[in-house]
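Participant: I'd like to go over a predicted model; first the sequence, then the structure.
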Amino acid sequence: MARIARGALWPTVVAAASLVAAVLVAPGAAQAHGVALVPGSRTYLCYVDSLQANGTIAPTNPACADAVAQGGQQPLYDWFGVLRSDAGGRTTGYINDGEICGAGTTKYAAYNAARTDWPTTHLTSGASIQLHYSNWAAHPGTFRLYVTKNGWDPTSPLKWSDLESFGSVTDPPQSGGPGGLNYYYWNQTLPTGKSGRHILYIQWVRSDSQENFFSCSDVVFDGGHGEVTGVKGNNPSTSPSASRSASASASPSRSASASASASRSVSSSPSRSASSSPSTGGGGSGCSATWALQPSSWAGHFQVNVTVKNNGAATLNGWTVRWTYTGGQGFDGAPWNGTLTAQPPNPAVTNVDWNKVLGPNATTSFGFNATGTAPATAPTLTCTSP
């Protein structure tokens, strides 16, 4: 299973401009503007699924493959360009029912298809997550959030009447400047009482022009923590809960190799590791953390596994790992088996429920995909316990 930009459900990303080079050299590449990265939109996750090391588009996901067969490769090179220049905040009566995901355009019409095998992000109803939205081109404005109503049929064309509002945010902060691996982000509580497949829909309404951007993200409320399925050959399961690699009941002993297999990588880089000095936590227990750069990498991205160890004689009841980035690195989606509680350049990752408690000499691990260039020297990790 590939893990992406998840945004996770606990503060977190995903942007894609390591893939910038491929986009900029693509024929007729657009110059704007943005779609949801966490949870990933159809165009963005299909782009992630499709982009090859040589810059060509070759989807493995069946829905993405059919969309490319219908509409060509350019909509995926322009994954950030689902927009209408004269929308002015309009919805019903402006974009026809059944054409909502493609913003009523011919270019993105293939991404309106009503089917259940689009790349999917696994979420928990009522959870607090951090949403990420590409700022490929930055504009002031408001993000309007919608989700499909209970009882919605994912095999029927999406209608405006299928959607209900669950929030909005105006001019949220940005992780960095436009045009790169950066994004708008904000913490958001997901609607309660949701289960099964849904669409999370975002309309970005500019306040300085009539231009609006539209984004459909396929999600399943099954207790997930931002895992993404249906990307890079991982066939979507007919039972989404069975396809998640982690959930509220996931085993705390998930191996580092399982984390590594979540990579979207097609090339390799040397593995490096570095340990933190043990730090004493509450109750006389202490923890340490070890950084291991995984052998999987791709342009502008890298993957890390961090092992946390209880070095004390007493049981550890919670832990947090902190470090500092100096090269502008970020997170390409949410960590797995950990909760992002502070953003770069001084990120912090805290335990999740199932790996909170560590007995003496016990270990656990969390991992993440990152944006930017891997640090030449692994950062110093600080592990603390409550």
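Facilitator: That came through, no problem. Remember, predicted model here, so these are calculated numbers, not experimental data.
Participant: same question for stretch 333-342: list its buried residues.
Facilitator: Buried positions in stretch 333-342, judged by neighbour count with 16 or more other Cβ atoms under 10 Å: Gly333, Ala334, Pro335, Trp336, Asn337, Gly338, Thr339, Leu340. The C-beta positions use only the backbone N, C-alpha and C, and glycine is treated the same way.
Participant: what's the answer for stretch 321-336, then?
Facilitator: Buried, per 16+ other Cβ under 10 Å, within stretch 321-336: Val321, Arg322, Trp323, Gln329, Gly330, Phe331, Asp332, Gly333, Ala334, Pro335, Trp336.
Participant: from His132, how far off is the third one?
Facilitator: Right, Trp323. Using Cβ to Cβ, to the nearest Å, one obtains 21 Å as the distance from Trp323 to His132.
Participant: let me see the ranges of the strands in the stretch 251-386 of the chain.
Facilitator: 267-268, 273-275, 279-280, 286-298, 301-310, 316-317, 320-322, 330-331, 339-342, 348-350, 357-358, 363-371, 382-384 (DSSP state E, counting those that start in this stretch).
Participant: of all the ones you listed, which one is nearest Phe80?
Facilitator: Across these, Phe80 has its closest neighbour in strand 363-371 (15.2 Å, Cβ to Cβ).
Participant: and the closest one, what does it pack against?
Facilitator: helix 256-260, strand 301-310, strand 330-331 (3 or more Cβ pairs under 8 Å, 6 or more residues apart in numbering; DSSP states H and E).
Participant: partner strands of the shortest one, parallel or antiparallel?
Facilitator: I take that to be strand 330-331. Here strand 330-331 is paired, per DSSP bridges, with strand 363-371 (antiparallel).
Participant: please apply the same query to the longest one.
Facilitator: For strand 301-310, the paired strands and their directions (DSSP bridges) read strand 286-298 (antiparallel), strand 363-371 (antiparallel).
Participant: just give me how far it sits from the chain centre.
Facilitator: 18 Å (Cα atoms, centre = their mean, to the nearest Å).
Participant: so for it, mean pLDDT?
Facilitator: The pLDDT scores in strand 301-310 average 90.
Participant: give the buried residues for that strand.
Facilitator: Here strand 301-310 shows His301, Phe302, Gln303, Val304, Asn305, Val306, Thr307, Val308, Lys309, Asn310 as buried, counting by 16+ other Cβ under 10 Å.
Participant: between the two ends of stretch 318-333, what distance do you get?
Facilitator: End-to-end span of stretch 318-333 (Cα to Cα, to the nearest Å): 23 Å.
Participant: please read the previous query as pertaining to stretch 117-133.
Facilitator: So stretch 117-133: terminal residues 23 Å apart, Cα to Cα.
Participant: excluding sequence neighbours, find me the nearest residue to Gly328.
Facilitator: Take Gly328 and drop its neighbours on the chain: the residue closest to it by Cβ to Cβ, 6 or more residues apart in numbering is Gly372, 5.6 Å away.
Participant: count the residues that sit near the one you found.
Facilitator: When neighbours are defined as other Cβ atoms under 10 Å, Gly372 has 20 of them.
Participant: would you agree Gly104 is in contact with Val82?
Facilitator: No. Counting by Cβ atoms under 8 Å, Val82 is not a contact partner of Gly104; they are 10.0 Å apart.
Participant: who has more neighbours out of those two?
Facilitator: The residue with more neighbours, out of Gly104 and Val82, is Val82; 28 against 17, by other Cβ under 10 Å.
Participant: show me the contacts for the more buried one.
Facilitator: By Cβ atoms under 8 Å, 6 or more residues apart in numbering, Val82 lies in contact with Val35, Ser41, Thr43, Cys101, Gly102, Ala103, Thr105, Tyr108, Tyr111, Phe213, Phe214, Ser215.
Participant: what does Ala63 give?
Facilitator: Arg42, Cys46, Ala113, Arg115, Asp117, Trp118, Pro119, Gly230.
Participant: how near is it to Ala378?
Facilitator: Noted for Ala63: a distance of 38 Å to Ala378, by Cβ to Cβ.
Participant: what of Lys159?
Facilitator: Counting by Cβ to Cβ - Lys159 and Ala378 are separated by 50 Å.
Participant: those two: which has the busier surroundings?
Facilitator: Between Lys159 and Ala378, counting by other Cβ under 10 Å, Ala378 is the more crowded of the two (18 against 14).
Participant: thought the more buried one was touching Phe302?
Facilitator: No. Counting by Cβ under 8 Å, Phe302 is not a contact partner of Ala378; they are 11.2 Å apart.
Participant: anything in contact with each of those two?
Facilitator: With Cβ under 8 Å, 6+ apart as the test, Ala378 and Phe302 both reach Leu293.
Participant: domain ranges for the protein, per the record?
Facilitator: Following automatic domain parsing, one finds the domains of the chain at 20-243, 256-384.
Participant: helices or strands next to the host helix or strand of Ser215 in the packing?
Facilitator: Following DSSP states H and E, one finds Ser215 within strand 212-221. Judged by 3+ Cβ pairs under 8 Å, 6+ apart, the packing partners of strand 212-221 are helix 42-50, strand 83-84, strand 120-123, strand 196-206.
Participant: only alpha carbons, please: show it as PDB.
Facilitator: The C-alpha atoms that make up strand 212-221 are tabulated as PDB, following Å, rounded to 0.1, in the frame of the first residue of the first chain:
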ATOM      1  CA  ASN A 212     -12.500  29.100  -8.300                       C
ATOM      2  CA  PHE A 213     -10.800  25.700  -8.000                       C
ATOM      3  CA  PHE A 214     -12.600  22.400  -7.400                       C
ATOM      4  CA  SER A 215     -11.300  19.100  -5.900                       C
ATOM      5  CA  CYS A 216     -12.800  15.700  -5.400                       C
ATOM      6  CA  SER A 217     -11.100  13.300  -2.900                       C
ATOM      7  CA  ASP A 218     -12.300   9.700  -2.600                       C
ATOM      8  CA  VAL A 219     -12.200   8.700   1.100                       C
ATOM      9  CA  VAL A 220     -13.500   5.800   3.200                       C
ATOM     10  CA  PHE A 221     -14.400   6.200   6.800                       C
END
